[in-house]
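Participant: structure, please.
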Amino acid sequence: MQTSLALKQKIRDAFERVEEEQTILFFMLSDWVYILLIPESYHYSEHETKQIAKEIQQNILPGKHPSNRFQILTWQEIIHQNQHLHPAYSGWRATHSTQVIFFAKEDSLGPASESLWLGQEIETTVKSHKAKVNQRLKLLQSLKNILPTGISWEPALESALFSRRMISEWSEPLREVDWQYLGKPVQISLRSLGFQKAWPGALIQQHRKSVWAVECAFEDSLRPIVGDSAQLFEHYWRESKRQMGVRKFDCVVYLHEDRDLFAAVLVGDQIASIAAFPELVVGAIKPFRPDIDQVRVVSFCEDSILIVDPKTPESLIKDLKHKADILVHDQSADGVDALEYDALLELPEHPCGNFAWRDIPGPYFDLVEAAGEAKSALPPGRSEYLRGLSYELIQNWPKAVEMFRVAYRYNFGDGDINHALGRALIETGQFEEAISFLEKAMRLLPDDPDIANGLGIAHLECGHQDVAIIALEKAVALSPDDAQFLSNLGRCYFSSKRFKEAESVLQKALTFSPNFSEAHATLAQIRWRLGDLPTARKHARKAFAANPGSQYTQDLLWALTVDER
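Facilitator: Numbering: from 1, shown residues only. All right, here's what the predicted structure looks like:
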C-alpha cells in the first residue's frame with residue numbers, strides 16, 4: 001500500500017509536470033482515485049473542464065473498471081468540505097492556473113475528499129474518522145440537552161464543530177427565536193446605510209458609510225435577522241463563513257487592459273457582499289489573476305465592486321467607477337442604494353463561491369459614450385443605433401432589438417440599420433420578422449456577405465430550404481474563405497438531404513478552420529445518417545472538444561457513444 005508521503009509526492013509531481021510541460025494528464029493516483037489535470041495553456045473554462053470530466057466518467061472509466069462506479073470530485077468541493085483542516089502542504093492547495101478534477105470510487109466517496117486534502121490513503125482517513133465518531137457522539141449528546149423541540153440536530157452539530165468552541169460558548173449568543181435559522185442559508189451582505197432605516201432592529205455592524213447585515217434566505221428571498229448583540233453578530237458571521245462555499249453569484253466582468261496592473265469591475269446582484277470574505281474575492285478573480293495576494297476592494301453600491309491592485313492610481317479608480325455605473329444602469333431596472341466601502345484585503349490561497357461570469361469588452365463603453373454624444377451631434381436615430389450595437393456586443397439581444405427598432409423608425413431606408421435589426425431578431429428567435437428587414441438590407445447593400453448569410457439562416461430556421469440555399473450560396477460566393485458561411489451552407493444542404501454537397505462544403509470549411517465545432521457536428525450528423533458510425537463519432541468528439549460547453553455537441557456525443565452502446 002502507498003504511504004501518505006508517496007501519495008502526496010505523486011500529486012506534487014503531477015502538478016509540477018503539468019506546469020512545466022503544459023500538457024493534460026489523466027492517470028490513476030491510487031486504487032480508489034483518478035486525477036485529471038488541465039494546464040492554463042488550453043484556455044478551458046471551468047464549465048468546459050467539467051464537461052470533459054463527464055465524458056471521462058461516462059465513456060472511459062466504465063471500460064477500465066466495469067464493476068466500479070466513479071464519481072466526479074472537483075477541487076472546489078474538496079476545499080469547501082475541508083476548510084477546518086490544514087492541507088498536506090501548500091504547494092498544491094491553490095492549484096494556481098492548473099485545473100484539477102478527481103474521480104473517486106463510489107464506495108470511497110465519503111472519505112475521499114479528506115484523504116486527498118491531507119494527501120493520505122483512504123484507510124488512514126477511515127481510522128481517523130472512527131476515532132472522531134465518539135467525539136461527535138459526546139458533542140451530540142450535549143447538543144440534544146439544549147436544542148429546543150423540533151430543531152434538527154444535524155445543522156447544529158455541523159455549526160458547533162465548525163466553530164471549534166465549547167457547546168456553552170457556541171449556544172450562548174443564541175436566543176429561542178434564533179434556533180429557527182439553523183440549517184437555513186445565512187449570509188453577510190454589504191448594504192447601504194438606508195438598510196437600517198428600512199429594517200429597524202436588523203442585526204448589523206456599521207462600516208464607515210455602509211453596513212454589514214445578517215440575512216437569511218426564506219423561499220428564494222432574503223430576510224434580515226433581528227438582533228442587537230455583538231456576540232450574536234459574530235455567531236452569524238461564523239455561520240456565513242461556514243456556508244460561503246455554496247453561495248452563487250452571477251455577474252458581468254470588465255478587466256482593465258493593462259495586464260501589469262490588475263483591475264476588474266464586477267457587476268451583479270449583491271456582488272459587493274463578496275468583500276466580507278477574502279476567499280470569495282479569490283473565487284471571483286481566480287480565472288483572471290490566480291497569483292495575486294493583496295487587493296484593494298472598492299464599492300459604491302450593493303451591485304458593483306472594484307477589485308484592483310493596491311498601486312492602482314485614483315484616476316483609474318475614477319474611470320472604473322464610471323464604467324461600473326454604466327454597467328449597473330444597464331444590468332438593473334431598479335434603482336440602487338449608494339454606499340462607500342474601501343479596504344485592503346490579504347488574499348488566501350484557496351477560492352470559495354460559485355461564480356458565473358460574462359466578459360464585457362472595452363469597446364462596449366466606447367459605443368455607450370459615442371451613443372450619448374450622438375444625441376446632440378448626429379441625426380435622430382443614430383444614437384439608438386450605436387446603443388443597439390453596444391448591447392449587441394455584450395449579447396443583450398432584447399435590448400439590442402429595442403434600440404434598433406427605434407433607430408429604424410427614424411431611418412427605415414438605411415441598409416445597416418435594417419441589417420442590425422434583422423440579425424438581432426434572429427438572435428431572439430423572431431425569424432419570420434427578421435426576413436423582411438434582411439431582404440430590405442440585401443436590396444440596399446447587395447454585396448454584403450453578412451446580410452446574405454443572415455437572410456439564409458432566417459429562411460432556414462423558417463423551413464424555407466430552397467430560398468435559404470440561394471442566400472447562403474451568395475454569401476459563400478461573396479466570401480469564399482469564410483468557414484462560418486460554408487458551415488451554414490453545409491447545414492442547409494444537409495437539411496435538404498443533399499449530403500454529398502453538404503460534405504463537400506463542410507470539408508472546405510474545415511480547411512480554413514480545422515477545429516470548427518459546427519462543421520464537425522454537421523458532418524457527424526451526415527455520417528450518422530449514412531450509417532458510418534465510426535466517422536460520425538470521430539466528428540462528434542472533435543465538435544465536443546472544440547466546444548464542450550455547447551448543449552448540442554454534448555447531446556450529439558452522448559447519442560453517438562453512450563446511448564448507441
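
Participant: hmm, who's touching stretch 391-407?
Facilitator: With contact meaning CB atoms under 8 Å, 6 or more residues apart in numbering, stretch 391-407 is reached by 252, 330, 358, 360-361, 363-364, 367, 381-382, 384-385, 387-389, 414, 417, 420-421, 423-425, 427-428, 430. Glycine gets a C-beta too; all of them are placed from N, C-alpha and C.

Participant: just the helices in the stretch 351-500 of the chain please.
Facilitator: Applying DSSP state H, counting those that start in this stretch to the stretch 351-500 of the chain gives helices spanning 363-377, 382-393, 397-410, 415-427, 431-444, 449-461, 465-478, 483-495, 499-512.

Participant: quick check: buried residues in the fifth one?
Facilitator: Spelled out, it's helix 431-444. For helix 431-444, the neighbour count (16 or more other CB atoms under 10 Å) marks 431, 434-435, 437-442, 444 as buried.

Participant: so how far is residue 249 from the residue nearest in space to the middle of the chain?
Facilitator: Geometric centre of the chain, nearest residue: residue 356, 2.7 Å, by CA atoms, centre = their mean. Counting by CB to CB, to the nearest Å, the gap from residue 356 to residue 249 is 7 Å.

Participant: pLDDT of stretch 511-530, averaged?
Facilitator: Averaged over stretch 511-530, pLDDT sits at 94.

Participant: buried ones in the longest helix seen in the chain?
Facilitator: Longest helix of the chain, by residue count under DSSP state H: helix 122-144. Across helix 122-144, burial judged by 16+ other CB under 10 Å covers 122, 124-125, 139-140, 143.

Participant: which residues touch it?
Facilitator: Here helix 122-144 has contacts from 1, 4, 30, 32, 108, 111-112, 114-115, 118, 153, 156-157, 160-161, 167, using CB under 8 Å, 6+ apart.

Participant: out of those, who's the most crowded?
Facilitator: Neighbour counts for the contacts of helix 122-144 (other CB atoms under 10 Å) peak at residue 115, which has 26 neighbours.

Participant: just give the nearest non-adjacent residue to that residue, would you?
Facilitator: residue 125 (4.4 Å; CB to CB, 6 or more residues apart in numbering).

Participant: any idea how far residue 245 is from that neighbour?
Facilitator: 20 Å.

Participant: likewise residue 445?
Facilitator: If you go by CB to CB, the gap between residue 445 and residue 245 works out to 53 Å.

Participant: higher neighbour count, those two?
Facilitator: residue 245 (20 against 16).

Participant: give the phi and psi angles for that one, as a check.
Facilitator: phi -60, psi -20 (degrees, to the nearest 10).

Participant: got a list of what it touches?
Facilitator: 76, 79-80, 83, 352-353.

Participant: swap the cut-off to 10 Å and go again
Facilitator: Residues in contact with residue 245, defined by CB atoms under 10 Å, 6 or more residues apart in numbering, are 76-77, 79-81, 83, 277, 279-280, 283, 351-354.

Participant: most surrounded residue in the residues you listed?
Facilitator: In these, the most neighbours by other CB under 10 Å go to residue 352, 26 neighbours.

Participant: so which residues of this protein form strands?
Facilitator: 25-30, 33-38, 70-74, 99-105, 186-191, 204-207, 210-218, 221-224, 248-255, 263-268, 294-301, 304-308, 338-346, 354-359 (DSSP state E).

Participant: looking at these, which is buried most?
Facilitator: Highest mean neighbour count among the strands of the chain (mean count of other CB atoms under 10 Å): strand 304-308, with a mean of 25.

Participant: direction included, what does that one pair up with?
Facilitator: Strand 304-308 pairs in its sheet with strand 263-268 (antiparallel), strand 294-301 (antiparallel), by DSSP bridges.

Participant: could you check how far residue 470 is from residue 430?
Facilitator: 22 Å.

Participant: from residue 153, how far out is the residue nearest to residue 115?
Facilitator: 24 Å.

Participant: ok, so of the buried residues of helix 431-444, who is nearest residue 524?
Facilitator: Residue 524 lies nearest to residue 431 out of those, by CB to CB, at 24.8 Å.

Participant: out of everything not next to it in sequence, what's closest to the closest one?
Facilitator: residue 461 (4.3 Å).

Participant: just the contacts of helix 122-144: which has the poorest pLDDT?
Facilitator: For the contacts of helix 122-144, the pLDDT minimum is residue 1, 41.

Participant: low-confidence ranges, this structure, go.
Facilitator: 1-5, 83-84, 88-96, 176, 333-335, 562-565 (pLDDT under 70).

Participant: report the contact partners of residue 323.
Facilitator: Counting by CB under 10 Å, 6+ apart, residue 323 makes contact with 254, 256, 265, 267, 304, 306, 360, 362, 364-365, 368.

Participant: let me know the closest of these to residue 174.
Facilitator: residue 304 (34.4 Å).

Participant: wait, that closest one touches residue 264, no?
Facilitator: No: counting by CB atoms under 10 Å, residue 304 sits too far from residue 264 to count as a contact (11.0 Å).

Participant: residue 24 - how many residues pack around it?
Facilitator: Counted with other CB under 10 Å, residue 24 comes out at 15.

Participant: who touches it in this structure?
Facilitator: 18, 36-39, 41-42, 44, 52, 99.

Participant: now tabulate those residues in a markdown table and tack on distance to residue 396.
Facilitator: Below are the contacts of residue 24 laid out as a markdown table (distance: CB to CB, whole Å):
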| residue | distance to residue 396 |
| --- | --- |
| 18 | 37 |
| 36 | 35 |
| 37 | 36 |
| 38 | 31 |
| 39 | 33 |
| 41 | 32 |
| 42 | 29 |
| 44 | 26 |
| 52 | 30 |
| 99 | 29 |
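
Participant: which one is residue 476 nearest to, not counting chain neighbours?
Facilitator: Residue 476 sits nearest to residue 485 (CB to CB, 6+ apart), 5.1 Å away.

Participant: show me where the stretch 151-300 of the chain has helices.
Facilitator: 153-163, 167-171, 194-198, 230-243, 278-285.

Participant: can you tell me which residues contact residue 537?
Facilitator: 524, 527-528, 556-557, 560-561, 564.

Participant: ok, residue 182 touching residue 170?
Facilitator: No: with contacts counted by CB under 10 Å, residue 182 stays clear of residue 170, the gap being 11.4 Å.

Participant: find residues that contact each of those two.
Facilitator: Joint contacts of residue 182 and residue 170 (CB under 10 Å, 6+ apart) are 156, 159.

Participant: how far off centre is stretch 346-356?
Facilitator: 13 Å (CA atoms, centre = their mean, to the nearest Å).

Participant: so what would you say the end-to-end distance of that stretch is?
Facilitator: 24 Å (CA to CA, to the nearest Å).

Participant: before we move on, back to that, need the contact list for the residue nearest to residue 431.
Facilitator: Per CB under 10 Å, 6+ apart, neighbours of residue 461: 426, 429, 431-432, 434-435, 468.

Participant: now for these, which pair is the farthest apart?
Facilitator: It's 429 and 468 that sit farthest apart of the contacts of residue 461, by CB to CB, at 16.4 Å.

Participant: okay, those two: which has more neighbours?
Facilitator: residue 468 (25 against 9).

Participant: state the distance from that one to residue 519.
Facilitator: 17 Å.

Participant: show me what contacts residue 73?
Facilitator: With CB under 10 Å, 6+ apart, residue 73 has these contacts: 33-35, 53, 81, 100-104, 109, 112-113, 116.

Participant: could you measure from it over to residue 106?
Facilitator: Residue 73 is 11 Å from residue 106, by CB to CB.

Participant: what do the two both touch?
Facilitator: Shared contacts of residue 73 and residue 106 (CB under 10 Å, 6+ apart): residue 112.

Participant: ok now stretch 205-213, how far from the chain's centre?
Facilitator: For stretch 205-213, the distance to the chain centre is 29 Å (CA atoms, centre = their mean).

Participant: in PDB, could you pull the C-alpha coordinates for it?
Facilitator: Output in PDB follows, covering the C-alpha atoms of stretch 205-213 (Å, rounded to 0.1, in the frame of the first residue of the first chain):
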ATOM      1  CA  GLN A 205     -22.500  46.200  12.000                       C
ATOM      2  CA  GLN A 206     -21.700  49.600  10.600                       C
ATOM      3  CA  HIS A 207     -18.600  50.000   8.500                       C
ATOM      4  CA  ARG A 208     -18.000  53.700   7.600                       C
ATOM      5  CA  LYS A 209     -20.800  54.700   5.300                       C
ATOM      6  CA  SER A 210     -22.100  51.200   4.800                       C
ATOM      7  CA  VAL A 211     -23.300  48.300   7.000                       C
ATOM      8  CA  TRP A 212     -22.700  44.500   7.200                       C
ATOM      9  CA  ALA A 213     -26.200  42.900   7.600                       C
END
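
Participant: that's all I had, so thanks and see you.
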